[in-house]
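S.K.: Quick one: sequence and predicted model below, then my questions.
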Amino acid sequence: MSQTSIVKPFKLTHGTLLSRNLHNTRKYYEEYLGLEVVRHAKPAMMVRLHSDMYVVCVCIGERVPQQHVLTHWGLNVSTKEEVDQAYERALALQPVYGIRKIQSVRERHGAYGFYQQDLDYNWWEIQFEPRTIQDFFQAGDLFSDEVHAEDSSESHE
């Protein structure tokens, strides 16, 4: 954390997702993804998993926009076998939970997993990642600010 930053935050607390229908979205989050959900406001609910950080899911109806696969949320599982099982379940349960798209399982950026797009056009990455977040931050920057990636999932390997 930069000691010279303008804002002096002590914790990253939350982000936001959009929903077309909170009832259907909640079913997907709780039953399918295994997330903890609480309805805290008439148009919104909070979502979390083993963390003080949470996501606010706000219902805006049919105005929910398409999302790019690189704008995704990640869920880690414990083994590659769990990724494979989750992939098979995604295929089997696609119509039940309104899953729009399911990409194939493969190795990406050092992790093993797949992406799927939910009923609200949000992308979820289900992955086995052997490295911890500490591994990344302890390694420091791997690229200079002059390096720019392209707008594609392949450019992020």
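M.R.: Arrived safely. Everything numeric here is computed off the predicted structure, so don't read it as measured data.
S.K.: only C-alpha atoms for contact and neighbour calcs from this point on.
M.R.: Noted.
S.K.: Can I get the lowest-mean-pLDDT helix or strand in the chain in PDB, CA atoms only?
M.R.: Least confident helix or strand, the chain: helix 133-139 with a mean of 91, by mean pLDDT, DSSP states H and E. What follows is helix 133-139, C-alpha atoms only, in PDB (Å, rounded to 0.1, in the frame of the first residue of the first chain):
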ATOM      1  CA  ILE A 133      -2.400 -14.000  -3.400                       C
ATOM      2  CA  GLN A 134       0.700 -13.500  -1.200                       C
ATOM      3  CA  ASP A 135       2.800 -15.200  -3.900                       C
ATOM      4  CA  PHE A 136       1.700 -12.600  -6.400                       C
ATOM      5  CA  PHE A 137       2.300  -9.600  -4.200                       C
ATOM      6  CA  GLN A 138       5.600 -10.800  -2.800                       C
ATOM      7  CA  ALA A 139       6.900 -11.300  -6.400                       C
END
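S.K.: Residue ranges of each domain in the chain, please.
M.R.: Per automatic domain parsing, the structural domains of the chain span 14-64, 69-139.
S.K.: Just checking: what are the partner strands of whatever helix or strand Thr16 lives in?
M.R.: Using DSSP states H and E, Thr16 sits within strand 14-19. Strand 14-19 pairs in its sheet with strand 54-59 (parallel), by DSSP bridges.
S.K.: Could you please name the strands the helix or strand following the partner strand pairs with and the direction of each pair?
M.R.: Following strand 54-59 in sequence order, the next helix or strand is strand 72-76 (DSSP H and E). Counting by DSSP bridges, the strands paired with strand 72-76 are strand 123-128 (parallel).
S.K.: related to what we said a few turns ago, would you pull up how far the least confident helix or strand of the chain lies from the middle of the chain?
M.R.: Relative to its parent chain, helix 133-139 has a centroid offset of 19 Å by C-alpha atoms, centre = their mean, to the nearest Å.
S.K.: Thank you, goodbye.
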